[in-house]
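Participant: model this:
(chains A, B, C and D)
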Amino acid sequence: MEHKFHDNGSVVDPDVKTDYHGHPNYFRVLIYLLAMLGISLAVFEFHLPVNIAITIVFVVAFWKIGLVVRNFMHLRYEHILIWVAVFAAVFILLVFFLGVFPDVPMVHREVVPKY
Amino acid sequence: MNIFPENATTYGQEIDNLFYLILTFVAIAFVISVVVLFYPMFRYSEKRNPKAQYITGEKKSHFKWVMYALIMLAMSDFIIMYAEHGTWEKIEEDVPTDGIRVGITGIQWNWVFNYAGKDGKVMTADDIVINEANSELHVPINTNIIMELRARDVVHDVFLPNARTKYDVIPGRTHVKWANFTKVGKYEVVCSQICGVLHSKMRNYIVVDTKEDYDKYMAALYAKQDSANAPKPAAPAIDTTAKADSTKAADKK
Amino acid sequence: MSNNTKALDIRQVPQGRLAMWTLIAGELIIFGGLIAVYLLNRIRYPEWGAEAVHTSTMFGAINTCVLLLSSFTIVLAHNEANKNNIKRAQLYMFLTIVGGLAFLCIKSIEYSREISEGLTFTSPAMVAKGEGVKSLFWSFYYIMTGLHALHVIAGMTTIFIIMMQIGKGKNIHRVELAGMYWHMVDLVWIFLFPLLYIAK
Amino acid sequence: MEHGHKQSFASKYLFSTDHKVIGIQYITVGLLMAVIGGFLAYVFRYNLAFPGKDIPLFGQLLPQQYNTFITNHGMIMVFWVGMPILLSGLGNLLIPTMVGTDDMAFPFLNMLSFWIFTLSAIVLIAAFFVPGGAFGGGWTMYPPLSAGGYMNTSPDLLTALFSGTSLMILAVALEFVAMLMGGINFLVTTINKRAKGMTPWRIPLIVWFLDIASVIFMFSCGPLVAGAFMLLLDNIVGTGFFDASRGGDPILWQHLFWFFGHPEVYVLLLPALGVLGEIIPVFSRKPLFAYKTIIYLALASAVLSVVVWAHHQFVSGIDPRMATFFSVGTIIISIPFAGIFLAFMATLWGGSIKFTVPMMFALGFVALFLVGGLTGLFLGSNAFDIYAHDSYFVVAHFHYTLFPDIFFGFFAAFYFWFPKYLGKELNVTLGKIHFWLTTIFFNSTFFLLFFNGLHGQHRRINDYSFFGNVAMEPYSTFEKVATISAICLILSQLVFVLNLFKTLSSGKKAAKNPWNAATLEWVTDTPPIHGNFETFPEVYRGPYEYSVPDAKDDFIPQNVAN
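Facilitator: Here you go, the predicted structure:
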């Protein structure tokens, strides 16, 4: 069925080229990602103090996620609303985590009945 | 006719007063809203006002009326919050430490009452356990009753209408709540959270005695426990099932 | 449109990408909810660190590597599809599917090792010993990796169908959409890897 | 447009990808489920008033059946009546026509969504017929009651899978999948397929609200989907995610459930508010008061809706300080909704109000919701909630919010858009009788229950004569009044059914724009053709241009250029 939208700018023809965004250097991104993986493995191998290790590992994980989302999923070329949607998802998870935090991990273990 | 059932605790009246406070605000808001909603239905009906005005409401001079109402609502909201917070703190956060400790454990479908045994602590092996249908928990008047609330199988909810208190009991947790009864009488303890087939039949009593009656009742209970325990070693107060064991094991870590 | 510019009007974002982003946001919240629940329990039970020792960091790292490489190949497939090099796009998509299969194979080797140690979904032996809390770690391990594996299978199926379709010259723009889904699967794994394999 | 070739019955009515047919399908299934939900309500209400008596059309009600019935009544009315009718039904019917396009962005996905939804309804109903019966532990499904075989003892995987509990979880999960598909469709359609000139501030309020509701739904259901997966595995495999003896946490489920469960209330509320936003301006002949501000308020409430969930758990063992935080959140979220309602009331001022049937339902909604909303203040303040939680006060409160929301919202929409989408004029007298009967019997059913609740009547009990506090007069009389009114309320819906069938069989053909409304769906034919518009309209103005000074008519349709 041909579409009668003329010039409202929406891309509705299914076979139209969707390559409206730029392309980063994918290979370089891959190298970064593998290097990040190396860092988290190194952290594991060298038995750093637990707190530091966990911090590094999670910073690296978020960094990797950022690299994949921004480059492979082309979020860096995307409309602002898409950014809002993705960050809203993260924000909502954070709210959930913080709201439940006092009730699950912080529950004093000793209140469990001692029979 | 009383709106609430008979009040029997020190903080019960506060809850009732809170209701009347909120009712005042709500009644005012209700009357205003009803006027705002129904007056235009008469004044601006098709017959009386055949030509409507063009008001988009985006102008500040129009929208300010909504703003006033919202500010009023917000203010009354926060007055209510301020007024009730003290009651909440008193009931939920500041549990007194001195008083008589009793254990109330929800099982399908009964409340099990634990009196402290000789050691003065509940949930130990020498507790006096009452696990019968329609059983009574005797407590003295004008004393802080500190209730350790537990559940053994599913989620229940201790509801004492006359004490104006209620709390869920969750397997794996202990909630410590309190009440101070001011009237002698026999009050219901019901389960207010659906807990299975016979949820509707889960009802026991709290009996508030004078101090003398309570002492007499307890003395009789201790005597009975002694005679029951004399020939054989003390039986565990609560059956230590595999579930309880594993919780305990988890606990030590 | 010229390269390297953002879509300024939201309507310039094609329907497919818009829907895919919405789906990804929804999926991220589902997985994120699971991860949040796991994290809450992980903080509550420090003894889970001792259980995580039984997971194989080496296998996990290899799997991460495999998924990263497959993400790379699918993004190349998208690149080629845009240049209308259908054959090369199909080749890269095939490589991605191979990557997914490799991931699943490694995962199943891991599973069989753990199951042979008695660490199963419910770990009845542990529960019988009264170590129910420890068995819960394994329940979480299997539900998280299992749900992820289901997504891997779904992603592979999608990529396979689209690989067939573009062979007939249809739906070339869908290569990118399948790729986005595959990246999402990759993302989840990137987060699961430190959670389950490194934090010990 | 493809309206030349012939379609078979199945492809035209059953497996149609036309958004209008799908919308009508959703509403039909929703109404059928409402019949089931209403029947369940009738049975357990009758049992409450006359415990132990034989119930006409049913017989004896066992305690387990009572639990099953109240559980499924709640489930059905929220997820299988409110959601399909208000969100999916209205969304499918209205969004493409109102934004001026031919169909949804993904018509096939849309059809799939409807059939998955129907499957979920079938799964839910099937649970009644498996051994052990449907789940009966409250619609909130709190574990451990819903896990580990407390309801259905299950020796092996297959029996466990086909137990009432598992089937209910599966049904909910399937419904979520369906609604997620629908939500993606709504969003993409609105964002990407708008007519030329349909800028964001020219989109009708209901489309905005349906989209905001979809966003709330999609962003809040994730944790519950994960939780449902875990609960299902607890049931069929025997894991211990919510088993306290193995380190699981029943409170966690409550958080997961209410993190979705409370935003769900707004998912149901926003589409109905959107209906008001369409109807009130049309029959006041006045622009919607503060249209942009209403949308900003709705967005604010969408953001706030994720920080209020734990007010359902004030007495369930959450941290008391967090309870205060959530109490404040609850109180704050009342402000945007109060603002929206006040804007609707302000729309009436200076208007020229026509009391047509849809307008009566819309105003009835506002008036009744006022009671529901204001009683929410009692429950939102956490100290009074200690007493009122899980009592009939709560039951009356949420029926005063959800009944006007789901049914008055739906009836208003029904009487308003029926002439458009089915092309027949409804009988006005029957409509007015329907409105008055519904309003009167609704109030007499639920208003007295506030007093029962305040007197300590707790929920989900099949026989109150067992409890001294509530077995006394006048509360047992109130029970009987509520039951008789509830039966009358259900019977008065027969007027609606009569009106519907009379109109379908012998109604007059409706005009193209019977209400003189300005939005795009009234521009096209009645009923709209497949593809909606002969030529796609172009939009030049906002959706509520009524009584514009110096205009020819008292309304200017959106597609009319200056």
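
Participant: CA only for contacts and neighbour counts going forward, please
Facilitator: Fine.

Participant: could I get the full set of helices for chain C?
Facilitator: Chain-ordered helices for chain C, with DSSP state H as the definition, fall at C:15-44, C:48-52, C:57-82, C:86-116, C:124-128, C:132-167, C:174-193.

Participant: which of those sits closest to D:Val497?
Facilitator: Closest to D:Val497 of these, according to CA to CA: helix C:15-44, at 38.4 Å.

Participant: how about that closest one and chain B, touching?
Facilitator: No - using CA under 8 Å from any CA of the partner chain, no contact is recorded between helix C:15-44 and chain B, whose separation bottoms out at 10.9 Å.

Participant: tell me what angle that helix forms with helix C:132-167.
Facilitator: Counting by axes from the mean of the first three to the mean of the last three CA atoms, to 10 degrees, helix C:15-44 points 170 degrees away from the direction of helix C:132-167.

Participant: mind telling me which residue of the stretch 201-350 of chain D is nearest chain A?
Facilitator: D:Ile318 (5.6 Å; CA to the nearest CA).

Participant: still on that earlier bit, can I get the helices of chain C in CSV including distance to chain A, mean pLDDT and mean neighbour count?
Facilitator: Output for the helices of chain C, formatted as CSV (distance: least, CA to the nearest CA, whole Å; pLDDT from 0 to 100; neighbours: other CA atoms under 10 Å in any protein chain shown):
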stretch, distance to chain A, mean pLDDT, mean neighbour count
helix C:15-44, 4, 91, 22
helix C:48-52, 11, 86, 17
helix C:57-82, 6, 91, 22
helix C:86-116, 14, 94, 18
helix C:124-128, 18, 82, 16
helix C:132-167, 11, 92, 20
helix C:174-193, 6, 92, 24
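
Participant: for chain A, which spans come out with low pLDDT?
Facilitator: In the predicted model of chain A, residues A:1-20, A:107-115 satisfy pLDDT under 70.

Participant: apply 50 and report the result again.
Facilitator: Within chain A, the stretches falling below the threshold (pLDDT under 50) are A:1-18, A:109-115.

Participant: domain ranges for it?
Facilitator: Following automatic domain parsing, one gets these domains for chain A: A:1-78, A:80-109.

Participant: list the buried ones in the last one?
Facilitator: Of the residues in domain A:80-109, A:82, A:85-86, A:88-90, A:92-93, A:96-97, A:99-105, A:109 count as buried by neighbour count, 16 or more other CA atoms under 10 Å in any protein chain shown.

Participant: strands of chain B, start to end?
Facilitator: Assigned by DSSP state E, chain B shows strands spanning B:100-107, B:110-115, B:128-130, B:136-140, B:144-151, B:156-160, B:165-169, B:175-180, B:185-191, B:203-209.

Participant: adding mean pLDDT and distance to chain D, write those out as CSV.
Facilitator: As requested, the strands of chain B are arranged in CSV below (pLDDT from 0 to 100; distance: least, CA to the nearest CA, whole Å):
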stretch, mean pLDDT, distance to chain D
strand B:100-107, 90, 12
strand B:110-115, 91, 14
strand B:128-130, 87, 21
strand B:136-140, 92, 15
strand B:144-151, 90, 10
strand B:156-160, 93, 8
strand B:165-169, 91, 5
strand B:175-180, 90, 7
strand B:185-191, 92, 8
strand B:203-209, 92, 8
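
Participant: rewinding a little: now the domains of chain A as a markdown table including distance to B:Ile32?
Facilitator: Formatted as a markdown table, the entries for the domains of chain A read as follows, by distance: least, CA to CA, whole Å:
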| stretch | distance to B:Ile32 |
| --- | --- |
| domain A:1-78 | 47 |
| domain A:80-109 | 36 |
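
Participant: quick one: which of those is nearest B:Ser200?
Facilitator: Closest approach to B:Ser200 among the domains of chain A (CA to CA): domain A:80-109, 29.3 Å.

Participant: quick one: check the closest one for contact with chain C.
Facilitator: Yes - using CA under 8 Å from any CA, a contact is recorded between domain A:80-109 and chain C, made by A:81-82, A:85-86, A:89-90, A:93, A:96-97, A:101, A:104-106.

Participant: from the residues you listed, which is closest to chain B?
Facilitator: For the residues of domain A:80-109 next to chain C, the closest approach to chain B (CA to the nearest CA) belongs to A:Val104, at 10.8 Å.

Participant: skip the chain neighbours and tell me the closest residue to that closest one.
Facilitator: With CA to CA, 6 or more residues apart in numbering or on different chains as the measure, C:Leu40 is the residue that lies nearest to A:Val104, at 6.4 Å, once sequence neighbours are left out.

Participant: one more: C:Leu91?
Facilitator: If you skip the residues right next to it in sequence, C:Leu91 has C:Ala77 as its closest partner in space, 7.7 Å away by CA to CA, 6+ apart.

Participant: surely that neighbour touches C:Thr96?
Facilitator: No - contact criterion CA atoms under 8 Å: C:Ala77 and C:Thr96 do not qualify, at 9.0 Å.

Participant: what lies in contact with stretch C:60-78?
Facilitator: Under the contact criterion CA atoms under 8 Å, 6 or more residues apart in numbering or on different chains, stretch C:60-78 has outside partners A:26-27, A:30, A:33-34, A:37, A:41, A:72, C:88-93, C:95-97, C:99-100, C:102-103, C:106-107, C:175-176, C:179, C:182-183, C:186, C:189-190, C:193, C:197.

Participant: cool, stretch D:110-120 as well?
Facilitator: With CA under 8 Å, 6+ apart as the contact definition, stretch D:110-120 has outside contacts at D:15-17, D:19, D:22, D:25-26, D:29, D:104, D:170-172, D:174-175, D:177-179, D:181-182, D:185.

Participant: need the strands of chain B in a markdown table with mean neighbour count and distance to chain C, can you?
Facilitator: Compiled in a markdown table, those are given as follows (neighbours: other CA atoms under 10 Å in any protein chain shown; distance: least, CA to the nearest CA, whole Å):
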| stretch | mean neighbour count | distance to chain C |
| --- | --- | --- |
| strand B:100-107 | 23 | 22 |
| strand B:110-115 | 26 | 25 |
| strand B:128-130 | 19 | 26 |
| strand B:136-140 | 23 | 33 |
| strand B:144-151 | 23 | 18 |
| strand B:156-160 | 26 | 23 |
| strand B:165-169 | 26 | 20 |
| strand B:175-180 | 22 | 18 |
| strand B:185-191 | 22 | 29 |
| strand B:203-209 | 21 | 33 |
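
Participant: those: which one's closest to B:Phe30?
Facilitator: If you check each of the strands of chain B against B:Phe30 by CA to CA, strand B:165-169 wins as the nearest, at 28.3 Å.

Participant: kindly export that closest one (C-alpha atoms) in PDB.
Facilitator: The C-alpha trace of strand B:165-169 is given here as PDB (Å, rounded to 0.1, in the frame of the first residue of the first chain):
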ATOM      1  CA  THR B 165      -3.200  -1.800  65.400                       C
ATOM      2  CA  LYS B 166      -2.300  -4.200  62.600                       C
ATOM      3  CA  TYR B 167       0.800  -5.700  61.200                       C
ATOM      4  CA  ASP B 168       1.700  -8.300  58.600                       C
ATOM      5  CA  VAL B 169       3.600 -11.300  59.800                       C
END
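
Participant: what segments of chain B are helices?
Facilitator: B:12-43, B:60-88, B:211-229, B:242-252.

Participant: and these as JSON lines, adding mean pLDDT, distance to D:His311 and mean neighbour count?
Facilitator: Written out in JSON lines, the entries for the helices of chain B read as follows (pLDDT from 0 to 100; distance: least, CA to CA, whole Å; neighbours: other CA atoms under 10 Å in any protein chain shown):
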{"stretch": "helix B:12-43", "mean pLDDT": "93", "distance to D:His311": "17", "mean neighbour count": "17"}
{"stretch": "helix B:60-88", "mean pLDDT": "89", "distance to D:His311": "14", "mean neighbour count": "16"}
{"stretch": "helix B:211-229", "mean pLDDT": "87", "distance to D:His311": "38", "mean neighbour count": "13"}
{"stretch": "helix B:242-252", "mean pLDDT": "40", "distance to D:His311": "29", "mean neighbour count": "19"}
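
Participant: can you put these in a markdown table and add distance to chain A?
Facilitator: Converted to a markdown table, those look like this (distance: least, CA to the nearest CA, whole Å):
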| stretch | distance to chain A |
| --- | --- |
| helix B:12-43 | 26 |
| helix B:60-88 | 18 |
| helix B:211-229 | 19 |
| helix B:242-252 | 6 |
